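1. Build the 3D model from these lines:
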Amino acid sequence: MGQEQRKLNRRQWLIGMSVLGGVGLLELLGGPHRLGRRAAVAQVASPSQAIPFFGVHQPGITTPTPAEALVVSFDVTARSRQELRQLFQTLTERIQFLMAGGSLEVRDPKFPPSGSGILGSPFSPDGLTVTVGVGASLFDDRYGLTELRPKRLKPMPRFPNDRLDPTLVHGDLLLQFHANHAETNIHALRDIIKYLSGLVVLRWQMAGFQQPDQLPHPHQTSTRNLLGFKDGTANLDTQDQRLMNELVWVPPHTDEPAWTAGGTYEVVRVIRMFVEFWDRVALEEQEQIFGRTKDTGVPLGYRREEDEPNYARDPHGIQIPLDAHIRLANPRTRETAHSRILRQGFNYSRGFDKAGQLDMGLLFACYQRDLEQGFEAVQNRLNGEPLEEYIKPIGGGYFFVLPGVPAAGGYLGQGLLG
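-> Prediction:
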């Protein structure tokens, strides 16, 4: 089916939906990006699994991604730089405690309990990680941090296919919770909100889920997105430290502020998928749009999922169309090698909208040491791709993930605020 025919089908679908739901549908439809996930090979989920907190980098980026995610954005209401330092010190203490698991403090019953109790006491770590990032808005004139802003940090712009919801974008502070069970993430979020009372207010949040990858091969995956395709086959190998240092982690001794070394830039995208429309598209067309077979994830014209397409041998797009998602996202040329990014992806489902359409899609995150060379380069290649007819970004933001805490006694953001 040609591109003009696909556009016609989309117009016919939208017209039909407007009869059912009115113009409010267009306001609620929530665009594009590489639908990838594979930070590392997943481990068998265990409630007793504890992820180490201390390290040069924060956990949750190269840590094997579990079944549940919760991404929460806050506006910071601390009244001074001293209170901001208190915020990060308290946040560090709570994250370290929650990731290790333990028992809640017993208090006088005439006062509120020390925790929500939704996991009981003692509670298990359950593979929890909490990753902390900061937005460009934190570096305004409130706390005297303007000169310390990461050089490449800025508000996320609006791309051509975006329909961003103002209540679902940006923020001063981003917390990303990963765990084996959703209750563990909720328990951690409520604990942190309790202890940061008066210092932050919620801006937006989104919960995600997935089937953790169980395949040991670095370029195969069992995880699928809600369009039914494998998600994360050609991701970066997080065990390749040279590659991670080249593409993901901010190194020391660059034009970046010294405190940023060991951190990384994160992009979060909430991507609405028009799944009812997609489910009525011919399988052949779906595979042409992605450039892979739907059941096995094998690149079109190849034999194995992990095979790397040789586009130089297919200059006219006979095997894999020139506008296929995988071909645009990673053309596999020397010139585009620096635009590779480390991707994570969780599915989300929020019921249905006022037009009676399923509200579901992808909670996407990616990491890189340079936003323009990484995500934005990939996104600009994807602008106008056929997949845009079936997806639309509705939220997210740009954030800088703080360096890790190397040892006990330190705190997140210490290089920035110390």
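2. for the protein, which spans come out with low pLDDT?
-> Flagging of the chain using pLDDT under 70 yields the residue ranges 1-45, 216.
3. And the residue nearest the centre of it?
-> Nearest to the mean C-alpha position of the chain, counting by CA atoms, centre = their mean, stands residue 365 at 2.0 Å.
4. Quick check: it touching residue 375?
-> No - shown here, residue 365 and residue 375 do not form a contact pair, counting by CB atoms under 8 Å, at 10.1 Å. Any C-beta I mention is one placed from the backbone N, CA and C, and that applies to glycine too.
5. Please enumerate the shared neighbours of these two.
-> Shared contacts of residue 365 and residue 375, defined by CB atoms under 8 Å, 6 or more residues apart in numbering, are found at residue 267.
6. Give me the nearest residue to the residue nearest to the centre of the chain, chain neighbours excluded.
-> Nearest residue to residue 365 in three dimensions, chain neighbours excluded: residue 344, at 4.5 Å (CB to CB, 6 or more residues apart in numbering).
7. Could you check how many residues crowd around the one you found?
-> For residue 344, the neighbour count with other CB atoms under 10 Å is 26.
8. Please compute how far whatever helix or strand it lives in lies from its chain's middle.
-> Using DSSP states H and E, residue 344 sits within strand 342-352. How far strand 342-352 lies from its chain's middle: 9 Å, per CA atoms, centre = their mean, to the nearest Å.
9. same thing with stretch 178-197?
-> With CA atoms, centre = their mean, you get 18 Å for stretch 178-197.
10. Equivalent analysis for stretch 130-143, please.
-> 18 Å.
11. Then stretch 299-306?
-> 27 Å.
12. For that stretch, measure first residue to last.
-> Start and end residues of stretch 299-306 are separated by 8 Å (CA to CA, to the nearest Å).
13. Same question for stretch 242-253.
-> 17 Å.
14. Can you give me the buried ones in it?
-> Residues 244, 247, 248, 249, 250 are the ones in stretch 242-253 that count as buried (16 or more other CB atoms under 10 Å).
15. re the thing from before, what's the strand holding residue 344 packed up against?
-> If contacts are counted by 3 or more CB pairs under 8 Å, 6 or more residues apart in numbering; DSSP states H and E, strand 342-352 sits against strand 200-209, strand 358-368.
16. how about it as PDB, C-alpha atoms only?
-> The C-alpha trace of strand 342-352 is given here as PDB (Å, rounded to 0.1, in the frame of the first residue of the first chain):
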ATOM      1  CA  LEU A 342      20.600   3.900  24.900                       C
ATOM      2  CA  ARG A 343      16.900   3.200  25.000                       C
ATOM      3  CA  GLN A 344      14.400   2.100  27.600                       C
ATOM      4  CA  GLY A 345      10.700   1.600  26.900                       C
ATOM      5  CA  PHE A 346       7.700   0.600  29.000                       C
ATOM      6  CA  ASN A 347       4.100   0.200  27.800                       C
ATOM      7  CA  TYR A 348       1.400   2.300  29.400                       C
ATOM      8  CA  SER A 349      -2.400   2.000  29.400                       C
ATOM      9  CA  ARG A 350      -4.700   4.700  30.900                       C
ATOM     10  CA  GLY A 351      -8.200   3.400  30.000                       C
ATOM     11  CA  PHE A 352      -9.900   5.300  27.200                       C
END
